[in-house]
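Asks: Mind looking at a prediction? Sequence and model below.
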Amino acid sequence: MIVESIASAATWPEWIWTAMSAVAGILAAVATLFAALVALIVGVMPIALSNVRRRQQAKVLAQILADDLFIQEVHIRGALGVPRDANGLVSAWEYDQIAKATGLIDPTTAVQFVSFSPDLPKSVAEPLAQAVAMMHAAKQRRTFLEQTIAGKTYNVGVDTPWYTSVAKDILELRKALHNWIETPLQECGESVQVLSHNLRQIANAQKIEWLREKAVQEMKNA
């Protein structure tokens with residue numbers, strides 16, 4: 001039977017052999033293409049998954065950064081709300097409270113977020129760069145803080161426009177982050193008012209205590 005089949009095949013017309021060769025060639029080409037596609041998928045898939053993971057990580061860190069920036073903005077604006085004097089004159093105790101509040105300015109989280117810049121839209125990358133620069137400058141500016149003397153008056157009015165600019169840049173970055181991750185922007189108005197009031201209250205309590213101790217000392221020295 002096998003010999004007869006081979007003999008029969010040998011008598012097939014030439015066009016059948018041509019067709020069979022063509023089909024074999026097509027199948028070989030398809031197999032090669034399939035192998036190439038598999039190799040491409042195997043090579044690209046880890047990169048694609050890595051990019052997806054990075055974008056997911058970036059969005060998680062964006063939420064953390066937005067929360068951190070909210071706290072920093074509240075403390076900057078809260079400090080700016082301490083002076084009652086139109087010219088920015090404050091007591092030594094108010095000055096100390098302002099210094100403590102602005103001391104919370106820290107670009108660390110924002111700097112960590114810069115490593116995700118390739119995965120960020122331009123609408124986030126640009127305000128991020130601006131905010132990081134201003135926060136760095138604000139941190140360095142603390143070297144110019146004065147050592148306060150109880151009873152002395154200080155003028156913080158000259159610094160008000162600059163710190164207002166820092167708060168504005170932080171707000172712009174917060175807006176960009178929330179737009180990107182599609183979460184509502186936290187309003188800080190009420191928190192700022194509460195903080196400003198508390199800082200003044202602490203400063204006033206410290207002033208009263210200083211005046212009390214001063215009066216006691218004067219009575220002892222009389």
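Replies: Noted; the coordinates are in hand. Numbering: from 1, shown residues only.

Asks: what helix or strand does the residue nearest the centre of the chain sit in?
Replies: Using CA atoms, centre = their mean, the residue of the chain that lies closest to the mean C-alpha position is residue 65, 3.8 Å off. Using DSSP states H and E, residue 65 falls within helix 14-80.

Asks: re the thing from before, who's in contact with the residue nearest to the centre of the chain?
Replies: Neighbouring residues of residue 65 by CB atoms under 8 Å, 6 or more residues apart in numbering: 109, 110, 113, 177. From N, CA and C alone the C-beta is placed, and that goes for glycine too.

Asks: what's the neighbour count on the third one?
Replies: Think residue 113. Neighbour count of residue 113, defined by other CB atoms under 10 Å: 24.

Asks: Tell me the pLDDT of it.
Replies: What the model reports as pLDDT for residue 113 is 90.

Asks: again, but for the first one
Replies: Each residue has a pLDDT score; the one for residue 109 is 90.

Asks: Next, the buried residues of the helix or strand encompassing it.
Replies: If you go by DSSP H and E, residue 109 is part of helix 108-114. Within helix 108-114, the residues scored as buried using 16 or more other CB atoms under 10 Å are 109, 110, 113.

Asks: hang on, the second one packs against residue 135?
Replies: Yes: at 6.4 Å, residue 110 counts as touching residue 135 under the criterion of CB atoms under 8 Å.

Asks: and the buried residues of helix 108-114 as CSV, adding distance to residue 185?
Replies: Supplementary listing: these in CSV, determined by distance: CB to CB, whole Å:
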residue, distance to residue 185
109, 18
110, 17
113, 17
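
Asks: which of those lies closest to residue 172?
Replies: Lowest distance from residue 172 to the buried residues of helix 108-114 (CB to CB) belongs to residue 110, with 12.5 Å.

Asks: Contacts only, for the closest one.
Replies: Taking CB under 8 Å, 6+ apart, we find residue 110 in contact with 65, 68, 69, 128, 131, 132, 135, 173.

Asks: show me the contacts for the spatially closest residue to residue 164 that is not a sequence neighbour.
Replies: Nearest non-adjacent residue to residue 164, counting by CB to CB, 6 or more residues apart in numbering: residue 80, 6.4 Å away. Counting by CB under 8 Å, 6+ apart, residue 80 makes contact with 160, 163, 164, 167, 196.

Asks: Output the below-cut-off pLDDT ranges for the protein.
Replies: Along the chain, segments meeting pLDDT under 70 span 1-52.

Asks: before we move on, the earlier item: I'd like the distance between the residue nearest to residue 164 and residue 212.
Replies: Residue 80 sits 30 Å away from residue 212, taking CB to CB, to the nearest Å as the criterion.
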